[in-house]
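Enquirer: coordinates for the following, if possible.
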Amino acid sequence: MYALANTHPKRLVTAVPYGFYPETEWRDDLELGATELATALTEKPRPLGLPRTNPTYYLRQAASWARLHGP
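Expert: Residues are numbered from 1 along each chain as shown. A predicted model of the protein is given here:
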C-alpha cells in the first residue's frame with residue numbers, strides 16, 4: 001500500500017461527503033506509514049512482501065516526508 005500511494009493527489013477524499021472530513025494534508029500520513037514500516041522491519045517475524053526490507057530505507061522516507069510537510 002505504501003508503495004502505491006498517490007504522491008500527487010489533486011483532491012483528497014477521506015470521507016463521503018467531502019465536507020464531513022475535508023483533508024488538505026497527506027504527507028504526514030506517508031511519514032507515519034514509513035515510520036511504521038521501519039518499526040515492523042526491526043521486529044520478528046518480519047512482514048512479508050515488502051519491496052524493501054531495510055528499515056533505514058523507510059526511516060529516510062519518513063524523514064523526507066516530514067521535511068516536506070513542515071511543522
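
Enquirer: give me the most central residue, this structure.
Expert: L30 (2.0 Å; Cα atoms, centre = their mean).

Enquirer: can you tell me how far T42 is from T56?
Expert: In this view, T42 and T56 are 10 Å apart by Cβ to Cβ, to the nearest Å. (Glycine included, C-beta is placed from N, CA and C.)

Enquirer: what about the chain, any weak spots by pLDDT?
Expert: 70-71 (pLDDT under 70).

Enquirer: would you state the strands of it in chain order?
Expert: Counting by DSSP state E, no segments of the chain form strands.

Enquirer: ok, and the closest non-adjacent residue to W26?
Expert: Distances taken as Cβ to Cβ, 6 or more residues apart in numbering place L12 nearest to W26, at 5.7 Å, with adjacent residues excluded.

Enquirer: and that neighbour, how many neighbours?
Expert: L12: 15 surrounding residues under other Cβ atoms under 10 Å.

Enquirer: same check, this time on the one 5 residues further on
Expert: By other Cβ under 10 Å, the residues close to P17 number 8.

Enquirer: cool, and the one 5 residues further on?
Expert: When counting by other Cβ under 10 Å, one arrives at 12 neighbours for P22.

Enquirer: ok, it to N6 distance?
Expert: From P22 to N6 the distance is 17 Å (Cβ to Cβ).

Enquirer: so which bits of stretch 35-54 are buried?
Expert: 35, 37-38, 41 (16 or more other Cβ atoms under 10 Å).

Enquirer: so how far is the first residue of that stretch from its last?
Expert: Counting by Cα to Cα, to the nearest Å, you get 12 Å between the two ends of stretch 35-54.

Enquirer: contacts for that stretch, please.
Expert: For stretch 35-54, contacts defined as Cβ atoms under 8 Å, 6 or more residues apart in numbering pick out 2-3, 55-59, 62.
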